[in-house]
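K.L.:
Any chance you can model this:
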Amino acid sequence: MERPGLKRLMLFSGTANRELAEEVGKLLDVELGGVEISQFANTETYVRFTESVRGSDCFVIQSHSDPVNEHIMEQLIMIDALKRASAKRITAVMPFYGYARQDKKGRPREPITARMIGDLFMVAGADRIAAVDLHTGQVQGFIDKPFDSLTALPIFEEYLSHKIAGPITFVSPDSGGVKRATRFATHLNGEVAFVYKRRRTDVRNVVEASEVVGDVEGRHCVIVDDIVDTAGTAVASADLIMDRGALSVSLVATHGVLSGPAVERLRSSPFDEIVITNTLPIRPDAQALQNLTVLSVAPLVAGTIEAIFNDQSVSEIFKGENT
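P.N.:
Okay, here's the model as predicted:
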């Protein structure tokens, strides 16, 4: 895509989720830019762009997937290289923003790593950040430059509108996600509930779900979340919801991290369907799940990139739901 005499859009991909970047490029009718990415013998990352980027509006797509630190560093180095090669504007596109869950101090002497990640990208040379479904909106306030918070809600809304039949309740797996569940309920004419849970502080990724607040008995329930990591929260919530008399339970989550025991937990869970997006590459064993549906966020990412490039409103794409 090019506006003669004004500016040129260039799209680049890291190694984390090239399939998504290629899909975005096809929608924009832009080929991915040439970049050489390799590692030295001591595992340091090497990056070199194989074509001129001088004066260009550059977008670097990279999901912060496993290995998270390696992929973050790779994107930072790409941005630094673009800055030193005289790119006019650089946008870091993060379908999944790494460390977003470390957005506040829960106990003494803990870091706020989500803030640090934002600082790193600003120092590297990013002029703008775009990310899909941040864990909390406050991450946007951690940096002083434009930060576009995208949401997969339109994709889920379109998909679920053809699947829903009968009374439905959208369930947040914790009290902090009630706003997200409420958005789903508003768009799809459902009720809202949430699960009260306690997360152990002495062991990572261990959750105890104790009660459901809201009407789930005799209703089809959809648990909505931003991230499914080890799936402990989702499965514990699903078991509790079924115990409380729900007709069925499904799971909708933007980011399928699916770490460690997640796949086995989901395989033995009561979920009728598990719906995630391709913000992260899907593990091969997860792809074998019979009830897994993967939706593409490429149209949302492509639309956002086009809006940024043309200096148009991003929020219009999401009807104001991207705040």
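K.L.:
Return the set of buried residues in the helix or strand harbouring residue 20.
P.N.:
Taking DSSP states H and E as the definition, residue 20 sits inside helix 18-28. Of the residues in helix 18-28, 20-25, 27-28 count as buried by neighbour count, 16 or more other C-beta atoms under 10 Å. (C-beta placed from N, C-alpha, C; glycine too.)
K.L.:
and those residues, which two are the farthest apart?
P.N.:
Maximum pairwise distance among the buried residues of helix 18-28 (C-beta to C-beta): 12.7 Å, between 20 and 28.
K.L.:
Kindly confirm my reading that residue 182 forms part of a strand.
P.N.:
No - assigned with DSSP: H, G, I helix; E, B strand; the rest coil, residue 182 falls outside any strand and is helix.
K.L.:
burial of it, as a residue count?
P.N.:
17 (other C-beta atoms under 10 Å).
K.L.:
what sits against residue 19?
P.N.:
Neighbouring residues of residue 19 by C-beta atoms under 8 Å, 6 or more residues apart in numbering: 278, 281.
K.L.:
need the next SSE after the helix holding residue 20, C-terminal direction.
P.N.:
strand 35-39.
K.L.:
May I have that following strand exported as PDB, CA atoms only?
P.N.:
Provided in PDB are the C-alpha atoms of strand 35-39 (Å, rounded to 0.1, in the frame of the first residue of the first chain):
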ATOM      1  CA  VAL A  35      14.200  -9.300   7.300                       C
ATOM      2  CA  GLU A  36      17.000 -11.600   8.300                       C
ATOM      3  CA  ILE A  37      16.600 -13.000  11.800                       C
ATOM      4  CA  SER A  38      19.100 -15.500  13.200                       C
ATOM      5  CA  GLN A  39      21.000 -16.400  16.400                       C
END
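K.L.:
which of the residues in that strand are buried?
P.N.:
Buried residues in strand 35-39 (16+ other C-beta under 10 Å): 35, 37.
K.L.:
now do stretch 171-191
P.N.:
By neighbour count on 16+ other C-beta under 10 Å, the buried set for stretch 171-191 is 171-174, 177-178, 180-185, 187-188, 190-191.
K.L.:
Run through the strands of the stretch 201-323 of the chain in chain order.
P.N.:
Taking DSSP state E, counting those that start in this stretch as the test, the strands found in the stretch 201-323 of the chain are 207-213, 220-228, 248-256, 274-277, 292-295.
K.L.:
give me the low-pLDDT residue ranges for the stretch 1-150 of the chain?
P.N.:
Along the stretch 1-150 of the chain, the model assigns pLDDT under 70 to residues 1-6.
K.L.:
where along it do the helices fall?
P.N.:
18-28, 68-84, 113-124 (DSSP state H, counting those that start in this stretch).
K.L.:
just so I know, which of the ones you listed lies nearest residue 316?
P.N.:
Closest among those, using C-beta to C-beta: helix 18-28, at 17.4 Å.
K.L.:
so how far is the closest one from its chain's centroid?
P.N.:
A distance of 16 Å separates the centroid of the chain from that of helix 18-28, by C-alpha atoms, centre = their mean, to the nearest Å.
K.L.:
okay, it in CSV with CA atoms only?
P.N.:
Only the C-alpha atoms of helix 18-28 are listed here, as CSV (Å, rounded to 0.1, in the frame of the first residue of the first chain):
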residue,chain,number,x,y,z
ARG,A,18,4.3,-15.5,11.0
GLU,A,19,1.1,-17.1,9.8
LEU,A,20,-1.0,-14.4,11.3
ALA,A,21,1.3,-11.7,9.8
GLU,A,22,1.0,-13.2,6.4
GLU,A,23,-2.8,-13.3,6.7
VAL,A,24,-2.7,-9.6,7.7
GLY,A,25,-0.5,-8.8,4.7
LYS,A,26,-2.9,-10.5,2.3
LEU,A,27,-5.8,-8.5,3.6
LEU,A,28,-3.8,-5.2,3.2
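K.L.:
Mind listing what's buried along stretch 148-168?
P.N.:
By neighbour count on 16+ other C-beta under 10 Å, the buried set for stretch 148-168 is 148-156, 160, 168.
K.L.:
re the thing from before, TSV for the helices of the stretch 1-150 of the chain, including distance to residue 300?
P.N.:
As requested, those are arranged in TSV below (distance: least, C-beta to C-beta, whole Å):
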stretch	distance to residue 300
helix 18-28	9
helix 68-84	19
helix 113-124	21
